[in-house]
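> From the sequence below, what's the structure:
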Amino acid sequence: MEQTLVLLKPDCYLRKLMGEVLSRFERKGLTVRAMKLIRFTSELADQHYAEHIEKPFYPGLKEFIMSAPAVAMVLEGEEAVAVVRSMIGATNGIKANPGTIRGDYGLSGRENLVHASDSLESAKREIALYFTEKDFC
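Numbering: from 1, shown residues only. You can find the predicted model right below:
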């Protein structure tokens, strides 16, 4: 079984879509192994988005991710990374296919409700930013 990190971003929290998004993952058969409500600090944002720090869009992304609470969770299941990425859809909610989380609820590229690890290597790195072994059920 694979594990992947999923973040329900501030827009998901503020729009009260967390339960809807979580229920989609659960109905698909994925298991929540760890979950917590978090508030991004400047340091955590820089660690999580390390590959984007030098990009021109990063200051806006950092401001957005720190703007309200978010939920960090580890989902587990068969090919969890690929399954979750398929379920969330394209980064830009306007261009994402209907039926995906971003396609059904996303309003833009930056405020796109959900982050999901893009590979097993990224999942391991990202999970370690938010959780320790004692956090898992």
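> what sits against the nearest residue to M1 once chain neighbours are set aside?
Leaving aside its chain neighbours, M1 sits nearest to E76 (5.3 Å; criterion: CB to CB, 6 or more residues apart in numbering). C-beta here means a position set from N, CA and C on the backbone, and glycine is covered the same way. Contacts for E76 (CB atoms under 8 Å, 6 or more residues apart in numbering) come out as 1-4, 30-33.
> Check for me that E76 belongs to a strand.
Yes - looking at E76 with DSSP: H, G, I helix; E, B strand; the rest coil, it is inside a strand.
> End to end on stretch 123-136, go ahead and measure it.
15 Å (CA to CA, to the nearest Å).
> Kindly report the same for stretch 83-92.
With CA to CA, one end of stretch 83-92 sits 18 Å from the other.
> And that stretch, what's buried?
Residues of stretch 83-92 classed as buried: 83-85, 87-89 (neighbour count, 16 or more other CB atoms under 10 Å).
> Walking through the protein, point out its strands one by one.
2-8, 31-38, 70-77, 114-116 (DSSP state E).
> And those: which comes nearest H52?
strand 114-116 (11.6 Å; CB to CB).
> Tell me which other helices or strands that closest one touches.
On a contact count with 3 or more CB pairs under 8 Å, 6 or more residues apart in numbering; DSSP states H and E, strand 114-116 meets strand 2-8, helix 80-88.
> residues making contact with the longest one?
I take that to be helix 80-88. 1-4, 6, 24-25, 28, 30, 75, 77, 96, 100-102, 113-114, 116-120, 123.
> Report the angle between that helix and strand 2-8.
40 degrees (axes from the mean of the first three to the mean of the last three CA atoms, to 10 degrees).
> got the angle between helix 80-88 and strand 31-38?
Using the same axes, to 10 degrees: helix 80-88 against strand 31-38 is 70 degrees.
> can you put the strands of the chain in CSV and add distance to S108?
Listed next are the strands of the chain as CSV, based on distance: least, CB to CB, whole Å:
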stretch, distance to S108
strand 2-8, 16
strand 31-38, 22
strand 70-77, 17
strand 114-116, 13
